[in-house]
Structure formats: structure tokens, C-alpha cells
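[1] Turn this into a model:
(3 chains)
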Amino acid sequence: MTDSALSELIEQVTLVDHHVHGCWLDTVDRPTFENRLNEANTDPLADFDSAFDTQLGFAVRTHCAPLLGLPGHADPDAYWSRRAQYAGPDLARLFLSAAQVSHWLVDTGFADGVADLDAMTDLAVGEVAEIVRLESVAEEAAAAPGDYAAAFEEILARRAATAVATKSILAYRGGFAGDLSEPDATEVADAARRWRDAGSRRLTDRVLLRFGLYQALRLGIPLQFHVGFGDRDGDLRTANPLYLREFLQRSGDTPIMLLHCYPYEREAGYLAQAFNNVYLDGGLAINYLGARAGSFVGRLLEMAPFRKILYSSDGFGPPELHFLGARLWRRGMSATLQRFVDTGEWSQVDAIRVVDLIASGNAQRVYRLG
Amino acid sequence: MTDSALSELIEQVTLVDHHVHGCWLDTVDRPTFENRLNEANTDPLADFDSAFDTQLGFAVRTHCAPLLGLPGHADPDAYWSRRAQYAGPDLARLFLSAAQVSHWLVDTGFADGVADLDAMTDLAVGEVAEIVRLESVAEEAAAAPGDYAAAFEEILARRAATAVATKSILAYRGGFAGDLSEPDATEVADAARRWRDAGSRRLTDRVLLRFGLYQALRLGIPLQFHVGFGDRDGDLRTANPLYLREFLQRSGDTPIMLLHCYPYEREAGYLAQAFNNVYLDGGLAINYLGARAGSFVGRLLEMAPFRKILYSSDGFGPPELHFLGARLWRRGMSATLQRFVDTGEWSQVDAIRVVDLIASGNAQRVYRLG
Amino acid sequence: MTDSALSELIEQVTLVDHHVHGCWLDTVDRPTFENRLNEANTDPLADFDSAFDTQLGFAVRTHCAPLLGLPGHADPDAYWSRRAQYAGPDLARLFLSAAQVSHWLVDTGFADGVADLDAMTDLAVGEVAEIVRLESVAEEAAAAPGDYAAAFEEILARRAATAVATKSILAYRGGFAGDLSEPDATEVADAARRWRDAGSRRLTDRVLLRFGLYQALRLGIPLQFHVGFGDRDGDLRTANPLYLREFLQRSGDTPIMLLHCYPYEREAGYLAQAFNNVYLDGGLAINYLGARAGSFVGRLLEMAPFRKILYSSDGFGPPELHFLGARLWRRGMSATLQRFVDTGEWSQVDAIRVVDLIASGNAQRVYRLG
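    So this is what the prediction gives:
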């Protein structure tokens, strides 16, 4: 096998994107597009700034421009005017098919302006399955008549019947620090009454958030947590997964998926070694790191057993993100593993086996994909 | 453009050093010199130790020795005896001019034994402008007659009129953890009375520290924070900039500059993405990392938008530090960006544009330098 | 000197392993072996998992297989069946002698199923000296008649008389966060009575843990702390050495050794710069990082003065670990320092001197080895 065999294989391997959102199908204006290339900010970008002057912006120009028939590193104006010539669904099909993904596991918890499950399926770019967001189930339960806990259980059971996983955004709703034990029925009933009385908007009540986590554990299907890097609605300090320790000790055999993790990927890797049921990926962070994604992908390969690492893009909105996550992961894996092989630390055969595990094997096993 | 064009450009680009202190003009003895090459320790170095056996010490011998006519890697004794042949101002001019800095923005808050603004100007090695330290203003206000708050406001307004920025060393005065809201007038008056009664030494009263921050915000000129690595008077644990989140949410449009940041540079980069008014640099840490500075410079280029990253040396005392910060930054940027270009992730044109932004463009914009 | 001279020297340099445990002398079954290759987990490995599919597992196959006459990267079954042909003491001698260690400083605090000091000495693979674990002394003192404090002092003095260091596993017994001041005699007596009344099992009483630390400081011999990565009995979040700050401020001149440190190696390096009596190593983490150990070894060479960095393997059980720690440290140092030399940042002479300091010089000085 030649030196380039490993990177060719990594370029071509089919992926399971085990955490992603819908992509845009409608046309957007340039400010909307640029704001969507900034994950952390919740305000419009400042006048002096441009999302094209970031690692992600550079990566879009480098890796996405060629798919639109432009040279790599096309300038932002050229990129934008070429992009504007495409209909939304055509852009989506173009980028999503180029990602070479067999299964898209879609978090439907926040879906404003993006393709829903049916629309994702209609793109015909891979199998589509749902991830149910626990905080959405809570909102449905609050709106339902009668006992909150019973409604939550019923709605979750119904929605989970056709889903592959649940997802918690506790990181955005107060963070991981503090008590994460299971509340008792009275506490839940009291908290639900207070929340309903207050209009049951954006759930931040810790009792109800904790209640949802334990209901999810009982399903046995994987439970995903947003961890680390995200928008500033969350406090990055308490999105450190080490705060989940006591919850993980109580989580039994249900697979717990730590998503994104930056800059806590080493902490997450440790937890994946420490608990048989804990997994991690680099999701969202890979896109935002652009030319620096390779070293991040390397850090994911430290303490976590290789059977506990997965791939995701966490793409949301611009279909560039659904493609770029795959593209940068491939490049990062290729650079990292080639170095392991070149220095004699790994054999090429082992490297290929690890690629297959992370690309799809682990996801197929844990989500029981056909 | 050849392969070396990028590094040649980086070698020659003129810098704005947006956070620095005065350099020594007087002759010092060797223990004083060596102790100054250790940032974190506040005790004299142990007998068994030498500041030359550190990354910074090696970098001094590698990069500063040639400016004194010695071979690179000159041994410590040779370095010291050659250095001792120079008058203080000659050493200062030699090293500061070699830094190729157009503007020195000088924090005058701690200036024992180092050049003041006039003396820095007299060296004729670039424009000099002042950064006003808030804790110094507080001490002046405590010593002034009458109402503390009014005195603080008056002194700050007067000093800021000719300054380009303010600076807080809250990291050394209790750290960032805890309430950082604006205190009301009664709280300030009470705290000021207590502090004055106790002799108004070293300000650690949190009410008065918070008061100063909000007064600084009102000026609209950039507010700098010491973040992360520094001497052990500060608790590195609570110098994590993520503890500043609520303050940043209240900081409006005033530019907030996170300085040094090691080992929280990833957290700082995230904040620079999350808030339109947040910026970062690698300041002090670059010198102390020596041969490891390059990988740190690379980490500064992760989540922060490229229009939000600046250069500083944080030099204080030995003029070697004012030069070495620039030298190591140039080498780190060169290695990092050349790799981005070599792997096809960035174009060379983009790399050059980012160099210009970080070297001077961003600082000129945010400090409104002529 | 040729390009490979540095790496040849690093391959051959004799080490002091300043923190290690006994190795197995008995034969073990494969599940026991695989579980021992996972540090963090305290449960048996899941059915779907294999400790061979980790960085450590790959490193065992790459670096240990050739010592058993197998090709590098031998597959797990081949490795296991060849290994099973050796008697335990033969395996131990094979791997420990290949580590090229002159002194093994052995933590005897947990020794279930592994060689004791005499058995380690009998292997004739280097000098053996003891490190006394403070929590073991506490258990002995609780079992002794009469006053707990007096018993502790007496036992510690007796055991320390022939030991080179003490060791605390506070990281596993509540972590570093919280008060670490010295308790007074009444507090100690009360806490001891409570602990004895409760059966004096696994010491987690903070008063008694703190008491032990200050007794150890009085001996003057080095006091080692488990820091960072370890099994999940400890909370990795509060194993951050920055929580030790106030204790370090009270620790006088007694050398404090921060062990392992991952992922807090930057924080530990800062403390080694900030306190004349603080040292660090990468211990346990190096083995578990396998092909990623090199970048970790590089991070150990940041803020810590070069006279404050040591080598250890923290091997426990499989003698592979006692060897592999040395092997991976050599490879990591070689790659890191060669890069420093190749880029002109360090001279080769300096690199060699730093190797000698970390390999044995610093340990010989601080432990006063003959």
C-alpha cells in the first residue's frame, strides 16, 4: 500500500453524521449567511467585522468554492455572487451529497427555517433519522392537559418510538454544575405547576431539566449532550463535561454522547475511558476551527477508546456546514493518522480500522443502524 | 511569490505593541536580571535554579545574543558579561528598535525602575501612548480630598484624555469569579470610607474594583484586562476569562482586550467570537514559551475572528523582552501560516492580510492610531 | 554531531523513575490484563470494547511486541499468546531492564498483587527506594492504640527514615478544592475519634487528610501529589493543581512533586515556575497517550523551569507499563527537542543538557540519590 492509500481511503469513506440539523432550502441574504457562520455570537456581527475573516470563512472559500465551480480561496464577493445563482434545494443537494454521508441523525429540536425530516429525506442524500430534543418534549408536555410527568412520559415514548436518540441542551439552560440527581414526583409536579403558571416559556427550571434526563435514560437509546463550544446563551465554563460526573455515575448502560466538546475534548476523552457508556465527537468545533481542525481531531484521539469516538458535523442552516464538517474531518484524520503511521507508532492497517470505527462502525453499533 | 515570501514579509512587518511597560534604563545586577526572567515567582529564585534554564532563558540566548554581537545560543556567562558592557539606554535602543514597532502603548500602572512615557519617547524607537491603570486611579482618588467617586471620575477623565486605553488588574486583586455588576453610589461611598480608614493600600475591595470597571466602560476607549498567566499574586484559576461572561454581557460597545490569556487562550478566542467588542492577544505568554511559542500563536488563531486578534509583548524591565516578544511572534506566525498555506488551507494572499490585521491593522482601528 | 546524535543519546540515557509501583510477578488472565490497560474505568470493560483498541493498546503492540520476539504492531491475540509463554518474573525482568532505569522510587501505598520492595529489588533491574503513602500511614495510625496524631507522627517518622518521599492521593479523597490549612490538635483528635468509631475505612475525612500533609511537610523530603488523570474514583475537575495554591504558599521549602498532571500540565508548569519548591512530571499520562505522547511531552516543556521537570512511568501491574513509559518519553523528547534544534531555537548542546536534567539530574538532586 502506498503512502497516499490511507488518505485516499479517508477521502472516500462513507460517514454516519450522528448529530446534525436541517439545512436551509430557502434563499437567504448575505448578512443572514455571515451571521450563521458565527456560532458564538447572538447579536448581529459588528459593522467592522466579516464572518469570512475567520477560520470557518476561509474554509468555506477553500473547500466549498470548488463545488460551485470557483477556484479555491475565491474571494467572499465572488463566492457570494456565485452561490446566489443556485436555488436553495440545489445547493443543499450539492453540498450534502458531497459529504458522502449514509445516515443523517437529525436533531429536530430547533428547526427555524431549515429542512424538516421529510425535506431532508426528499433531498435523497442519505438515510434520515430523528433525534428528539428533551426540552422540546418538555414544552409539549407543558402545553398538554393534565399531569406534566405523565404527559412528558407519553410524548417522549411516542416520539422516541421512531427516533434513534434523545438530546439535552442542559448546557444552554443553566449548565452542568450543580445537582443532577433525579427529582421525586412531588418536586416535578410543583416545578411543572410553577412553569405552567409562568407561561412555560424557554425551560430553565432545573427540576424539570433533571426529570427529562432520567426519563431519557430509561429509554435505553443514546442520550446526546451539547458539551462545550456553542452560542453565548450557554456559559462555556459550566459546559465542562467533568461537571456531569455524578450524573454519569447514575446513568447505567444508556449510551451518553458528548457532542463537540471544545475546548474540553481532553476532559471528554477521559470520561469516555472512565465510563463504559460514554462516547464523544468533535461536531461543531471542527467546522469552526478550519485550518486548525486537524490538531483538534488529533486531540480527540487521546484518552478515548477508539470504539467510543464518532463523527458529526452539527451542520445547521448553510449546507456548506454539512459538507465542510466531513471535509475537515477527513483532512484532519488523514494528517493525524498519516503522522502516526509515518513515525511507526501505528500500522496502516490499524489506522484504516480506526477510520472505519469512527466514520461509521461505532455509530452503526450504538444507534443500531441497519 | 516564493515559499519564503510569506516569512520574509512577517520578519519585516511593522507592529503595534498594544500592551507594554517601560524598559530598564539603569544597569542591574545578574540576580535582578534572572529574577525578572521568571514571571510567576514572587520570591528570589532558589539557589539551585537559573532563569537561563527555561524556555525564556534559552530564547534570550538564541535571539538576543546576536544583537550583542555574540553567536546564537551564547552561554549565560558570556551573555551576561557582554550585556554588562552596554549602558542601559543603549541596550534599550538596541533591542526596542530591533522590534520594529511603530507604536508602544504603555501601561504606566506599575513602573518601578523602568522608563516612564517621556523616557520611552526619548528613546526614539516609535510613538508612545499611555494606558491608564484603573487601580492606580483608585489609589489617587483615595488620596484626594472629598467624595471618592467624584474624585475617581475626575482623575480618570483627566488622565484618559491623553490616553488610548484603560487597564484592569482585577485578575491580581481577587480574580474574575463572583459578582461583577455595577455597585450603587452608597456601596461605593461605604467601601471607599472603609478603604481610606484602613490606609488605602493595595486595592482589593471588590466594590471599588467593580466601580472602576464601569467608569472605564463609560469612556468608550478600550479596556484591557490582564488574563491568565502572570505572577502568583494572582490565582490563575480565577483568571479564566470565562468568569467575565456577565461583565461582558453588560459591557456594551467598549472594546475589551483580553491580554496574554495562557492557558485560557481557547476560552478567550471563544469570547472574541461571542462578543462583538471582545479582542485578545498572546502578550506575556509568547516570551515565556520560547521555542514553544509557535504552537501558542497557532492556538490564538482558532475561534477568534481575525479582526479581533492583536499583538503585544507585555515587555517590562529587560529590553530583551520588548524585542523578543516581536521576534517570537514573527517566528510563530511564520511557522503557523506557512503550514496553513503549504497544506492548501489558506492562500498566501489571505495569510498576508491576516498578518497585517494582527500586526497593526486591528490595533490601529480599535485604538484610532494615526 | 549528526542529526541523529540527539535521538541516539535520548534512546540510551539512563532514567530515574521517580514515581512507580510494583509490577506483576504472577500470571494473569486476559480480562485482568485488558482492564489494567484502562486507567480511568473502575468497572470491567464493556463486552463491545477492547483495551487493545486504545492509544495504550496500540503502543503495547508497537513497542512491547518486539521485546517478545514478535513484529511491531502484532495483533492482540498473537501478543497475548506469546506473552502467556513467559513466567511472570521473566516478563518483569525483560521489560524493566529494557526501560534502562537506574532508580525505581516505588509508591507502596497500593500494592495488591504486585511486587513489593524486596521483590522489586530481587529483579535486579536497578536500585529500589520507597515512597510512603500518607493515607496508608493514616490507616496504620487509626489501627494503633492511643492518640491518633502521636501514632501518625511516630509511624511516619519510622517509615520515612528509610524512604525518599511521601505521597498524597488527596485527589482521590475529595480533591484539592477547599480549605487546605493545617488543622489544630483538637480538630484532629475529634476527626480521628469519628473515623475510628466509623471503622476507619478508606480515609476521606478532610481534617485528617490535611493533618497528614503538614506532617509530611515537616519531614523535608519531597511530597508527591497525584494530579489530574487517574481512575474515576477521583473527580478530575478538582484534581486541577491550581486548587493547591494556598497549600503551596504554606509549603515552605519542602519539594512538592505534581505527578501526571494531564490535562492540567500547563497549570502544573506554571506552578513549577511560580514556586521554588514545585516540580512536575507527565507520569501516567504518557503511557495512556501512546502515539499522542509526544505532543504532551512538548507541553511539559513550557512554563516549568528545566530544573523542575522529572521523569516517571507510574507503572503498576503489567511490566509493559514500566518499560513503555520510558520508551514513549524517549520518543516524545526526541521528537520535541529535535524540532527545537532543527528550527534553530535550541542548540543541540542545550538539548542534551535538558535531557540529562529531566532523565536523572533533577531527581538525583531533589531525592539526594547516590
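
[2] Now A:Glu187: closest residue in space that isn't a chain neighbour?
    The shortest distance from A:Glu187 to any non-neighbouring residue, by C-beta to C-beta, 6 or more residues apart in numbering or on different chains, is to A:Val207 (5.1 Å). All C-beta atoms are positioned from the backbone trio N, CA, C, and that covers glycine.

[3] What degree of burial does the residue in the stretch 101-250 of chain A that chain C sits nearest to show, as a neighbour count?
    Among the residues of the stretch 101-250 of chain A, A:Leu242 lies closest to chain C, at 3.9 Å counting by C-beta to the nearest C-beta. Burial measure for A:Leu242: 19 neighbouring residues, criterion other C-beta atoms under 10 Å in any protein chain shown.

[4] SS state for it?
    Using DSSP: H, G, I helix; E, B strand; the rest coil, the structure places A:Leu242 in helix.

[5] Next: the one 5 residues further on.
    Going by three-state DSSP, the secondary structure assigned to A:Phe247 is helix.

[6] wouldn't it be in contact with A:Ala216 here?
    No. Applying C-beta atoms under 8 Å as the test, A:Phe247 and A:Ala216 come out as separate, 11.3 Å apart.

[7] okay, now the domains of chain A?
    Dividing chain A into domains by the TED database, as the record does, gives the ranges A:5-21+A:96-367, A:28-86.

[8] In this structure the residue of the stretch 101-250 of chain A closest to chain C contacts A:Arg266, no?
    No. Because the distance of 10.2 Å does not satisfy C-beta under 8 Å, A:Leu242 is recorded as not touching A:Arg266.

[9] residues in contact with stretch A:117-128?
    A:22-23, A:25, A:89, A:92-93, A:96-97, A:99, A:101-104, A:106, A:108, A:115, A:130, A:369 (C-beta atoms under 8 Å, 6 or more residues apart in numbering or on different chains).

[10] out of those residues, which are inside helices?
    Taking DSSP state H as the definition of helices, those contribute A:Pro89, A:Ala92, A:Arg93, A:Leu96, A:Ser97.

[11] Give me the buried entries from those residues.
    Among the ones in helices among the contacts of stretch A:117-128, the ones that count as buried by 16 or more other C-beta atoms under 10 Å in any protein chain shown are A:Pro89, A:Ala92, A:Arg93, A:Leu96, A:Ser97.

[12] so where do the helices sit in the stretch 251-370 of chain A?
    A:265-274, A:283-289, A:293-300, A:319-342, A:348-356, A:362-366 (DSSP state H, counting those that start in this stretch).

[13] any residues touching the third one, and which ones?
    So the one you mean is helix A:293-300. Here helix A:293-300 makes contact (C-beta under 8 Å, 6+ apart) with A:59, A:261-262, A:265-266, A:269, A:280-282, A:285-287, A:289, A:309, A:328-329, A:331-333, A:335-336, B:298, C:292, C:295.

[14] Who are the packing partners of the host helix or strand of A:Val137?
    Following DSSP states H and E, one finds A:Val137 within helix A:134-143. Under the contact criterion of 3 or more C-beta pairs under 8 Å, 6 or more residues apart in numbering or on different chains; DSSP states H and E, the helices and strands touching helix A:134-143 comprise helix A:148-160, strand A:163-168, helix A:185-197, helix A:206-219.

[15] Pull the distance from the third one to the chain's centre.
    In terms of C-alpha atoms, centre = their mean, to the nearest Å, the gap separating the centre of helix A:185-197 from the centre of its chain is 31 Å.

[16] Equivalent analysis for the second one, please.
    On the basis of C-alpha atoms, centre = their mean, the separation between the geometric centre of strand A:163-168 and that of its chain is 12 Å.

[17] What is it packed up against?
    In this structure, strand A:163-168 makes packing contacts with strand A:101-107, strand A:127-133, helix A:134-143, helix A:206-219, strand A:223-227, judged by 3+ C-beta pairs under 8 Å, 6+ apart.

[18] Using JSON lines, please lay out the ones you listed together with distance to B:Ile169.
    Putting the helices and strands packed on strand A:163-168 into JSON lines (distance: least, C-beta to C-beta, whole Å) gives the following:
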{"stretch": "strand A:101-107", "distance to B:Ile169": "43"}
{"stretch": "strand A:127-133", "distance to B:Ile169": "43"}
{"stretch": "helix A:134-143", "distance to B:Ile169": "41"}
{"stretch": "helix A:206-219", "distance to B:Ile169": "36"}
{"stretch": "strand A:223-227", "distance to B:Ile169": "33"}
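
[19] Out of these, which is the most enclosed?
    Among these, strand A:223-227 has the highest mean neighbour count (mean count of other C-beta atoms under 10 Å in any protein chain shown), at a mean of 26.

[20] Give me every residue in chain A lying close to chain B.
    Chain A has residues A:38-43, A:45-46, A:48-51, A:53-55, A:58-59, A:62, A:72-73, A:229, A:231-232, A:235-237, A:262-263, A:288-292, A:295, A:331, A:335 near chain B, with proximity defined as C-beta under 8 Å from any C-beta of the partner chain.

[21] picking that back up, tabulate the helices and strands packed on helix A:134-143 in a markdown table, adding columns for mean pLDDT.
    Compiled in a markdown table, the helices and strands packed on helix A:134-143 are given as follows (pLDDT from 0 to 100):
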| stretch | mean pLDDT |
| --- | --- |
| helix A:148-160 | 98 |
| strand A:163-168 | 98 |
| helix A:185-197 | 98 |
| helix A:206-219 | 98 |
